[in-house]
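J.: show me the folded form of this:
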Amino acid sequence: MNRIILLVTIVSLFSNYLAFGDDEATTLAKGQPAPFSGFLITREKAEKIRLMDLNLQFQTKRGDILQTQVNLLQDQNNKNIEHISNLSSTIAESKSDNIYGKIGFFVLGAVLTGFVSYGIYRSAK
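T.: Okay, the predicted model is just below:
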């Protein structure tokens, strides 16, 4: 992101010295004196600079889109963490340490084990 900001700054400062506007540019023949002071660059170089500027604009917009996506993902992640925290609290509050529940599950397990053992015994006979 810092590179993009640096490139934007450099291009904006450099573009002040370049003839991008129609009123600041003129066509010169070789040996003809220039009508104004400044930099003289070839059409190819001007086109390269324009393409670099377009590429920089594209990369800046792409960076903005990626930053927006990162922000959305962080928001979603924060919501998920909050939801998980709420669920954990709900589970912790609803968890019962009642001795009767523990005894009941023990008896249920013993009865089921007895039925399974009886079934195996009957089928093996």
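J.: so which residues of the chain form helices?
T.: When secondary structure is read from DSSP state H, the chain shows helices at 2-15, 43-94, 99-124.
J.: for Ala29, find the nearest of those helices.
T.: Ala29 lies closest, by C-beta to C-beta, to one member of the helices of the chain: helix 43-94, at 13.4 Å. Where C-beta positions appear, they are placed from N, C-alpha and C, glycine not excepted.
J.: picking that back up, turn the helices of the chain into CSV, columns for mean pLDDT, mean neighbour count and distance to Ala29.
T.: Output for the helices of the chain, formatted as CSV (pLDDT from 0 to 100; neighbours: other C-beta atoms under 10 Å; distance: least, C-beta to C-beta, whole Å):
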stretch, mean pLDDT, mean neighbour count, distance to Ala29
helix 2-15, 59, 12, 26
helix 43-94, 92, 11, 13
helix 99-124, 90, 9, 99
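J.: of those helices, which is nearest Thr27?
T.: Counting by C-beta to C-beta, Thr27 lies closest to helix 43-94 out of those; the figure is 9.2 Å.
J.: output the contacting helices and strands for that closest one.
T.: helix 2-15 (3 or more C-beta pairs under 8 Å, 6 or more residues apart in numbering; DSSP states H and E).
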